[in-house]
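K.L.:
dropping the sequence and predicted coords here.
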Amino acid sequence: MAEDMKQALKSYFQSKIEGADNLEIQNFKQPSGGWSDEAFIFDVHWSAKGQNRQKGFAVRKQKEGGFMPEMKNLYPQFKFLNLLSKICDLPVPGVHWYETDDSIIGGAFFVMDKLEGESYVPWSKEGQQFLKQAHDDGKIPYEFVELLAKLHCLDYQKAGFSNDFYVPEGVYDYIDKKLIETESLYYRYMMYPDPVMVDALEWLKANKPAAQRYSIIHNDYRTGNLLYENNKITGILDWENAEIGDPMVDVAYVCAKSNRMDSPFLCYLLDREMFFDTYSSLTGLTIDEKVIHYYEVFHQVRFVLISQSAGKAFATGQTKDLRMARQGYRWSLMRGMVAELLGY
Amino acid sequence: MLNKTLVIHTVNHVLKESIVPQLQDGVAKEQAIALISVLKNLDMLTVENTSPKEKLIVLITDSIDQQLRKLISDSKFSLHLESLSKIEGDLKKAENISDVEEKWKQLNEIQCKLIQFLYKERVKNPQVDETYIYPIREQIRKQLNIEMSMVR
């Protein structure tokens, strides 16, 4: 399988790098099976005009089935990274090509730069050890907040995002749109009517917070989506849900229980007070605990939808991936977390 | 959430197609092949465990019934007797369903309708939270505990 992919990539890069001789794919890695998309990381070696060249690339490929498959489209992510990587000094990959021809590697994909560094699964033993050490050292936690603040302070209008991406206008515009989308996803993936989700959706509609301002938001900013090297954050990955929205969505995501479970630290890394104080002083935004709670409920509702979509995909035979069945079984546990947040 | 036979059938498919061909160790391979047969037999000799849903049906029915009585006797809801009677009618219909899965599903649907009705009322009457929504949540928590105890 890996050999077939290497061969396919070799042919592809041969067609993309003009005048390349002796092209080879080396250090080929597939970081994990991939829940929604698949990723491949490798170095391309070639010679041109008598000189040896080398460059690291990463490929992100759309996967059949998986979580919320109807929501998948790599092109916005490609466009987003294309703009973002050109306007800021955040560690985000530059992008090169977007392809829709299935015959190349079996699905739509895009090619981006390989970023150096190691990633960790935050809840694994190794991840928890790394993040605890980073917490005690203090440099990575500060950088974690600083990068998020920088992202939220970028001038998206000036950078041209408003030409290609939806820009909310009124203070409730963003959340109104998200709630319509969330409710329609609930009905799309519903297997059984769920009073917990209906309660949560009604509660979200009844308690909408006004956005202080809109920013570029990542929507999945957590320690597991970063790369680290030499006590530094060297990469911010997984931009598939990035958009223009309320920055408190990202702040609350960092606080979400699903991203820390029993750890006393947010995302296994941060002291809550330090996070809020540093973020506020860097962005000038006020953090209101009520708003954070609101968006924590919102995120937990989205987590339930992930379990719901996985369970439905498995139950209806759209996927045979057993991880989807496991997620489906977790449905009740995820609903339990929504109930807890609502004070049940 | 997932049908027992479907899950076992798919697990066996994954064992056959994705796991067994990758196993290099002879003993592991033999055990995995035996596992496929064991699972098939286990599926044929066991039935879906419906007892948690049966317990849930009792709890949900009581909860809806209790809330409806409270609402019907509450003068603040006198203008909504028609909507409440409709929910009451749906409850009666659901009580006559014999299939456990379908009955549980219908009762949950009624709980959802009741919650949506209460949130609409909440706009005019904020006391709905204390009087109705919080007590319903207590009942749903009991249901959730049963559902969560069935998952690892």
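P.N.:
Arrived safely. Numbers count the residues shown, from 1 in each chain, chains lettered A, B, ... in the order given.

K.L.:
those residues of the stretch 201-344 of chain A touching chain B, which are they?
P.N.:
Proximity of the stretch 201-344 of chain A to chain B, by C-beta under 8 Å from any C-beta of the partner chain, involves residues A:202-203, A:205-206, A:311, A:314-315, A:317, A:320, A:322, A:325, A:328-333, A:335-336, A:339, A:342-344. Where C-beta positions appear, they are placed from N, C-alpha and C, glycine not excepted.

K.L.:
mark which of those residues are buried, thanks.
P.N.:
A:202-203, A:311, A:314-315, A:320, A:322, A:325, A:328-333, A:335-336, A:339, A:342, A:344 (16 or more other C-beta atoms under 10 Å in any protein chain shown).

K.L.:
mind checking which of those residues land in helices?
P.N.:
Of these, the ones assigned to helices by DSSP state H are A:202-203, A:311, A:314-315, A:322, A:325, A:328-329, A:331-333, A:335-336, A:339.

K.L.:
just the residues you listed now: which is nearest B:Leu81?
P.N.:
Nearest to B:Leu81 among these: A:Glu202, at 22.1 Å, using C-beta to C-beta.

K.L.:
what about the closest one, distance to B:Gln24?
P.N.:
The gap separating A:Glu202 from B:Gln24 is 54 Å, by C-beta to C-beta, to the nearest Å.

K.L.:
cool, and A:Val251?
P.N.:
The gap separating A:Val251 from B:Gln24 is 48 Å, by C-beta to C-beta.

K.L.:
neighbour count winner among those two?
P.N.:
A:Val251 (27 against 6; other C-beta atoms under 10 Å in any protein chain shown).

K.L.:
I'd assumed A:Tyr294 was in contact with the more buried one.
P.N.:
No - contact criterion C-beta atoms under 8 Å: A:Val251 and A:Tyr294 do not qualify, at 11.2 Å.

K.L.:
all strands of chain A, in order?
P.N.:
Per DSSP state E, chain A carries strands over the ranges A:21-29, A:37-48, A:51-62, A:95-99, A:109-113, A:215-217, A:226-229, A:232-236, A:243-245.

K.L.:
what sits up against the third one?
P.N.:
What it means is strand A:51-62. A:9, A:13, A:20, A:37-47, A:72, A:74, A:77, A:93, A:96, A:105-116 (C-beta atoms under 8 Å, 6 or more residues apart in numbering or on different chains).

K.L.:
and those residues, which are buried?
P.N.:
Buried by 16+ other C-beta under 10 Å: A:9, A:13, A:20, A:37-40, A:42, A:44-46, A:72, A:74, A:77, A:93, A:105, A:107-115, out of those.

K.L.:
please name the nearest non-neighbouring residue to B:Glu121.
P.N.:
Spatial nearest neighbour of B:Glu121, excluding adjacent residues (C-beta to C-beta, 6 or more residues apart in numbering or on different chains): B:Val128 at 5.2 Å.

K.L.:
ok, the closest residue in space to A:Ile217 that isn't next to it in sequence - how many residues close by?
P.N.:
Closest residue to A:Ile217 apart from its sequence neighbours, by C-beta to C-beta, 6+ apart: A:Gly245 at 4.5 Å. If you count neighbours by other C-beta under 10 Å, A:Gly245 ends up with 24.

K.L.:
report the contact partners of A:Gly245.
P.N.:
Contacts of A:Gly245 (C-beta under 8 Å, 6+ apart): A:168, A:174, A:178, A:211, A:214-215, A:217, A:219.

K.L.:
any idea which of those is the one closest to B:His80?
P.N.:
So of the contacts of A:Gly245, ranked by how close each gets to B:His80 (C-beta to C-beta), first place is A:Lys178, at 30.5 Å.

K.L.:
distance-wise, check that closest one relative to chain B.
P.N.:
18 Å (C-beta to the nearest C-beta, to the nearest Å).

K.L.:
just give me the neighbour total for that residue.
P.N.:
20.

K.L.:
contact residues of chain B facing chain A?
P.N.:
Counting by C-beta under 8 Å from any C-beta, chain B sits next to chain A at B:1-3, B:6-7, B:10-11, B:13-14, B:104-105, B:108-109, B:111-112, B:115-116, B:119, B:122-123, B:133, B:136-138, B:140-141, B:144, B:147-148, B:150-152.

K.L.:
can you select the buried ones among those residues for me in PyMOL?
P.N.:
One line in PyMOL is enough to select the buried members of the residues of chain B next to chain A, burial here meaning 16+ other C-beta under 10 Å:
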select buried, chain B and resi 1+2+7+10+11+104+105+108+109+111+112+115+119+122+133+136+137+140+144+147
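
K.L.:
helices along the stretch 51-200 of chain A, start to end?
P.N.:
A:74-87, A:102-105, A:125-137, A:139-153, A:161-164, A:173-189, A:195-206 (DSSP state H, counting those that start in this stretch).

K.L.:
can I get those helices in a markdown table with mean pLDDT?
P.N.:
Formatted as a markdown table, the helices of the stretch 51-200 of chain A follow (pLDDT from 0 to 100):
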| stretch | mean pLDDT |
| --- | --- |
| helix A:74-87 | 94 |
| helix A:102-105 | 94 |
| helix A:125-137 | 96 |
| helix A:139-153 | 98 |
| helix A:161-164 | 90 |
| helix A:173-189 | 97 |
| helix A:195-206 | 98 |
